[in-house]
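[1] 3D model of this:
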Amino acid sequence: MERFNFEDINSYVERFGTRFLDFLPNIISAILLLFIGLWLIKMIKKVITRIFNSRDVELTLRNFLLGIIGWTLKILLFITVISQLGVQTSSFVAMIAAAGLAVGLALQGSLANFAGGVLIMLFKPFKVGDFIQAQGESGTVKEVAIFYTKMVTINNQLVVLPNGKLSNDNIVNFTVEGKRRDVLTFSISYGSSIKTAKDVLIALMKEQENVLQDPEPVVFVAELNDSSVDLSARFWALNENFWACHFYTIEEAKRRLEAAGIEIPFPQRDVHHYNIDALSKK
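    The predicted model follows:
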């Protein structure tokens with residue numbers, strides 16, 4: 001068995017000590033860089049949070065973006081720190097880029113929905129509680145998330161709309177202006193008095209407490225059909241009173257028009273017969 005050589009151990013310790021002392025500045029600078037970088041990331045996130053607060057950015061979007069920014073900066077800091085220690089980072093960066101490309105290609109649809117969600121939360125064409133029409137659906141917005149928007153229809157059906165398509169579609173917001181105009185059509189016969197019918201409808205709309213009088217309700221002849229004269233009645237109401245006014249006006253208008261002797265016609269056609277006598281003889 002070989003004798004234990006203390007000289008070799010001393011030589012190894014000396015070489016290790018020399019290399020450690022040579023490498024010590026890199027270790028110290030890497031540690032300083034790590035702490036300074038973490039502090040800077042914290043400050044950057046605070047500044048961005050203040051910007052988000054001043055612009056009233058949605059909480060969901062705010063947290064999501066802060067998370068992405070934080071992790072991105074930490075990854076960059078990690079690469080910088082290990083490069084300071086002498087580690088080759090080119091292959092590491094290439095691996096991250098390749099992984100990002102692969103994930104991006106696999107999640108094209110999800111990324112489109114994410115981008116749409118960001119646009120919706122930034123520009124706010126609608127918010128939770130608004131009644132909107134989009135993608136062939138109408139309902140009250142229940143939730144605006146990063147990838148999708150949920151709304152509840154008047155039949156209490158939950159509809160989930162992908163934000164990618166929603167952000168590129170026409171959106172009708174019935175709530176944002178605070179009031180809506182209702183347009184109702186009432187058909188009367190040609191033999192009925194247009195003036196009487198208009199007076200009845202105007203009086204009906206003006207006496208309703210929830211019908212706005214500015215702009216004032218109006219009634220006019222909209223069209224002359226084959227079997228009827230169509231009157232268009234239009235009034236404004238606050239969003240919360242709109243449907244109550246809508247249904248009440250329709251029901252009460254029929255009752256009052258009939259009470260005033262106004263005939264509400266059904267489709268009819270006049271047929272003229274010629275040479276009836278000649279046909280009957282045959």
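
[2] going by C-alpha atoms from here, please, whenever you check contacts or count neighbours.
    Fine.

[3] for stretch 201-210, how far is the first residue from the last?
    15 Å (CA to CA, to the nearest Å).

[4] give me the buried stretch members for it, please.
    201-202, 204-206, 210 (16 or more other CA atoms under 10 Å).

[5] you'd agree Thr80 is in a helix?
    Yes: the assignment for Thr80 is a helix, going by DSSP: H, G, I helix; E, B strand; the rest coil.

[6] average pLDDT across the helix or strand hosting Glu143?
    Using DSSP states H and E, Glu143 sits within strand 137-144. Mean per-residue pLDDT for strand 137-144: 91.

[7] re the thing from before, and which of the buried residues of stretch 201-210 is nearest Leu33?
    Using CA to CA, Asn210 comes nearest to Leu33 of the buried residues of stretch 201-210, at 66.6 Å.

[8] pull the contacting residues for that closest one.
    Asn210 makes contact with 237-238, 241, 245 under the criterion CA atoms under 8 Å, 6 or more residues apart in numbering.

[9] let's see that with 7 Å instead.
    When contacts are counted by CA atoms under 7 Å, 6 or more residues apart in numbering, Asn210 touches 237, 241, 245.

[10] so how many other residues sit close to the first one?
    Same thing as Ala237. Ala237 has 23 neighbours, counted by other CA atoms under 10 Å.

[11] repeat that for Leu257.
    For Leu257, using other CA under 10 Å, the count is 20.

[12] which residues touch the strand or helix carrying it?
    If you go by DSSP H and E, Leu257 is part of helix 242-259. With contacts defined as CA under 7 Å, 6+ apart, helix 242-259 is touched by 180, 182, 197, 200-201, 210-211.

[13] do the same with stretch 39-50
    Stretch 39-50 is contacted from outside by 66, 70, 73, using CA under 7 Å, 6+ apart.

[14] closest to Gly139 out of the buried residues of stretch 201-210?
    Distance to Gly139 across the buried residues of stretch 201-210 (CA to CA) is lowest for Asn210, with 22.5 Å.

[15] list phi and psi for that closest one.
    Backbone geometry at Asn210, expressed as degrees, to the nearest 10, gives phi -90, psi 0.

[16] likewise for Phe147?
    phi -100, psi -20.

[17] nearest to Glu263 among the contacts of helix 242-259?
    Using CA to CA, the contacts of helix 242-259 come closest to Glu263 at Ala197, 9.6 Å.

[18] can you pull the contacts of the closest one?
    257, 262.

[19] secondary structure element for it?
    In the assignment (DSSP H and E), Ala197 maps to helix 194-206.

[20] following that helix, which helix or strand shows up next?
    Downstream of helix 194-206 (by DSSP H and E), the next one is strand 211-212.

[21] partner strands of that next one and their direction?
    strand 229-238 (antiparallel) (DSSP bridges).

[22] avg pLDDT for the partner strand?
    If you average the pLDDT over strand 229-238, you get 96.

[23] tell me the angle of it relative to helix 194-206?
    Counting by axes from the mean of the first three to the mean of the last three CA atoms, to 10 degrees, strand 229-238 points 10 degrees away from the direction of helix 194-206.

[24] list the contacts of strand 229-238.
    Strand 229-238 is contacted from outside by 178-190, 210-212, 216-224, using CA under 7 Å, 6+ apart.

[25] any stretches of the stretch 1-150 of the chain with poor pLDDT?
    Low-confidence segments of the stretch 1-150 of the chain (pLDDT under 70): 1-23, 89, 91-93, 96, 99-109.

[26] try 90
    Low-confidence segments of the stretch 1-150 of the chain (pLDDT under 90): 1-38, 41-42, 44-129, 135-136, 143-148.

[27] just the helices in it please.
    Ranges of helices in the stretch 1-150 of the chain, per DSSP state H, counting those that start in this stretch, are 6-54, 59-84, 90-106, 108-123.
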